[in-house]
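Enquirer: Provided below are the primary sequence and the corresponding predicted coordinates.
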Amino acid sequence: MIFDTGLKLSELKENSFEKITIEKEEILIGKRNNRVFAFNNRCPHKGASLSKGNFHGDNVVCYMHGYEYDIFTGKLENMKSWKKDEAWIEQNEHWRQSDDLKIYKIQLDHEKILIEIN
């Protein structure tokens, strides 16, 4: 379904995002390098709020564990190493696993920003 985000293109500042809620989903919508993006606010690694993170290039960096996701493709691009030294061993190898970021399709209707949610 297509939803009106209530945001206008001219209201989005470059290199920033706004948090909205549609159908009980928290979504971050923003603009970077003159491209509009939208992704789920929940980090796919452990569920932290990505709105507390920051940009590293075209990636959003999760404040909790430093995982980086491409804001345009959703792909996991970088996982911070937690090894303190070569002898360090993770107790559970599944802890580091992460899905990709959930991305939403954006449509522009003049100044209105519309979003597709499945």
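Expert: Now that the structure is in, tell me what you want to look at. Numbers count the residues shown, from 1 in each chain.
Enquirer: Quick check: the gap between the residue most central in space within the chain and Gly57.
Expert: In the chain, the centroid-proximal residue (Cα atoms, centre = their mean) is Phe39; its distance is 4.6 Å. Between Phe39 and Gly57 the distance is 15 Å, computed by Cβ to Cβ, to the nearest Å. Where you see a C-beta, it was placed from the backbone N, CA and C, and this is true even at glycine.
Enquirer: next one: Ile20
Expert: 24 Å.
Enquirer: the more surrounded of these two?
Expert: Between Ile20 and Gly57, counted using other Cβ atoms under 10 Å, the more crowded position is Ile20 (18 against 12).
Enquirer: so what does the helix or strand hosting the more buried one touch, helix or strand wise?
Expert: Using DSSP states H and E, Ile20 maps to strand 16-22. Helices and strands touching strand 16-22, as assessed by 3 or more Cβ pairs under 8 Å, 6 or more residues apart in numbering; DSSP states H and E, comprise strand 2-8, strand 25-32.
Enquirer: The longest one to strand 16-22, inter-axis angle?
Expert: For the pair strand 25-32 and strand 16-22, the angle between their directions (axes from the mean of the first three to the mean of the last three Cα atoms, to 10 degrees) equals 150 degrees.
Enquirer: can you state the direction angle for strand 25-32 and strand 2-8?
Expert: Angle, strand 25-32 to strand 2-8, by the same axes, to 10 degrees: 50 degrees.
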